[in-house]
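*Asks:* Sharing a model that was predicted from the sequence below.
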Amino acid sequence: MKPEAFLGELKNALDAMDTPSGDGINTYVVSKAIRKKGMTVALSGIGGDELFAGYPIFSHYLQLQNRKWLWKLPAGLRKFAASAMKGSRKDRMLQLLQVPSVSIENVYPIFRQILSPRQLNELTSLGSGGRFHTALQKELFQKRENLARLPLLSQVSAAEWLGYTQHTLLKDTDQMSMAVSLEVREPFFDQDLIEFVLSVPDDLKKPKYPKSLLVESLKPLLPDEIVFRKKQGFVFPWDLWLRNELRSFCELHIKKISQRPFIRGPQLMEYWKDFQKGNENIRWPEIWLFVVLDYWMEKNGIQ
């Protein structure tokens, strides 16, 4: 796919958003291409990574569990250990080292955040200084006893369904596919399958390679040349586009949202300039969220 084919659909995809999201545009492009071929129903592999421990977040959670002794150290010493890091990685480690334990309800919301509380406080007036007690954190805390009974990898799966999957992946898939009249079905969310895989011990599920439990359950239907070929993720060069093809579009909306009362305009504009200069500590999603939010607010006449 050439960049023009994707970028030409960008505004159509943004217009299809019921609620602002930093994701989902790729789903719109693929759904529209499928619908143009005359198909009205499609199957999606969404949910496979969440169920079969395909994301790096699963390994990160196991690594934290193997280092639980760190949380027995004094808080000041833990904070010093994270001070050598830079950018969003430093923010994340500082937060992780300040939680009382590495239980799933404490660490999962930190794993999945794009803007840290520090960044929100610097760029907006919405923050209050400390950790953000979101609805997700409260929900995970209320379910902590049930989550603790699950194997460690299954704890992450359950947190993913309550968090990123429900509030981003499924929402975006639904609104983007239905915008072009395509019905998407997700067989990996079959209830019986989920209940079974959640009970599988970690030593059987821990991947030797991505989603190995799923792949090995299908032998010999999947030939090795398919299973072990180089992974080709459906990833777009957003970082490059925001500095080139999408630069004027993004700058327009960064300037507009900088005028809104809940945004610290000078700080956001400086953040945008640093990103354009190639600051590796600023990730493109941290910029794109503000662009999408302004576009959505402007489209819906929200002051």
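*Replies:* Thanks, I have it.
*Asks:* Chain neighbours aside, what residue packs nearest to R67?
*Replies:* Of all residues not flanking R67 in the chain, V102 sits nearest, at 7.9 Å (CB to CB, 6 or more residues apart in numbering). (Each C-beta comes from the backbone N, C-alpha and C, glycine too.)
*Asks:* what helix or strand does the one you found sit in?
*Replies:* Here V102, judged by DSSP states H and E, is contained in no helix and no strand.
*Asks:* shouldn't it be in contact with K68?
*Replies:* Yes: contact between V102 and K68 holds when scored by CB atoms under 8 Å: they sit 5.7 Å apart.
*Asks:* Compare neighbour counts for those two and give me the winner.
*Replies:* Neighbours were counted for V102 and for K68 using other CB atoms under 10 Å; V102 has more, 18 against 11.
*Asks:* give the contact list for that one.
*Replies:* Residues in contact with V102 (CB atoms under 8 Å, 6 or more residues apart in numbering) are L64, Q65, R67, K68, W71, L96.
*Asks:* mind running it again at 10 Å?
*Replies:* Taking CB atoms under 10 Å, 6 or more residues apart in numbering, we find V102 in contact with Y61, Q63, L64, Q65, N66, R67, K68, L70, W71, L96.
*Asks:* buried set for the top helix by length along the chain?
*Replies:* The longest helix of the chain (DSSP state H) is helix 284-299. Using 16 or more other CB atoms under 10 Å as the test for burial, helix 284-299 gives 284-297.
*Asks:* now stretch 149-167
*Replies:* Quick answer for stretch 149-167 (16+ other CB under 10 Å): 150-165.
*Asks:* ok, what's across the strand from I263?
*Replies:* Assessed by DSSP bridges, I263 has beta-bridge partners T124.
*Asks:* dump the residue contacts of it.
*Replies:* By CB under 10 Å, 6+ apart, the contact set of I263 is L123, T124, S125, L126, I254, K256, I257, M269, F290, L293, D294.
*Asks:* One more: R260?
*Replies:* Contacts for R260 (CB under 10 Å, 6+ apart) come out as T124, S125, L268, F290, L293, D294, M297, I302, Q303.
*Asks:* Check the burial of W71 by counting its neighbours.
*Replies:* Using other CB under 10 Å, the number of residues around W71 comes to 17.
*Asks:* Low-confidence regions, the stretch 51-200 of the chain specifically.
*Replies:* For the stretch 51-200 of the chain, the stretches flagged by pLDDT under 70 are 82, 84-88, 128-134.
*Asks:* Got the domain ranges for this protein?
*Replies:* 1-67+102-126+133-235, 238-299 (automatic domain parsing).
*Asks:* Output the ones you listed in a markdown table; the columns should cover distance to K79.
*Replies:* Formatted as a markdown table, those follow (distance: least, CB to CB, whole Å):
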| stretch | distance to K79 |
| --- | --- |
| domain 1-67+102-126+133-235 | 13 |
| domain 238-299 | 19 |
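*Asks:* Now do the helices in the stretch 151-300 of the chain.
*Replies:* Assigned by DSSP state H, counting those that start in this stretch, the stretch 151-300 of the chain shows helices spanning 152-160, 170-178, 191-198, 202-205, 212-217, 224-227, 238-243, 247-258, 265-276, 284-299.
*Asks:* Enumerate the positions of the second one that are buried.
*Replies:* Neighbour counts over helix 170-178 (16+ other CB under 10 Å) mark L170, K171, D172, T173, D174, Q175, M176, S177 as buried.
*Asks:* wait, isn't the third one in contact with Q166?
*Replies:* I take that to be D172. No: between D172 and Q166 there is no contact under CB atoms under 10 Å: 11.0 Å.
*Asks:* if we can go back for a sec, need the helices of the stretch 151-300 of the chain in TSV (columns: distance to V29).
*Replies:* Formatted as TSV, the helices of the stretch 151-300 of the chain follow (distance: least, CB to CB, whole Å):
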stretch	distance to V29
helix 152-160	24
helix 170-178	9
helix 191-198	29
helix 202-205	32
helix 212-217	26
helix 224-227	24
helix 238-243	13
helix 247-258	17
helix 265-276	24
helix 284-299	16
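*Asks:* what about the residue lying closest to N12 once chain neighbours are set aside, distance to E186?
*Replies:* Spatial nearest neighbour of N12, excluding adjacent residues (CB to CB, 6+ apart): Y28 at 7.0 Å. Here the criterion is CB to CB, to the nearest Å. By it, Y28 lies 17 Å from E186.
*Asks:* more crowded one of the two?
*Replies:* Y28 (26 against 17).
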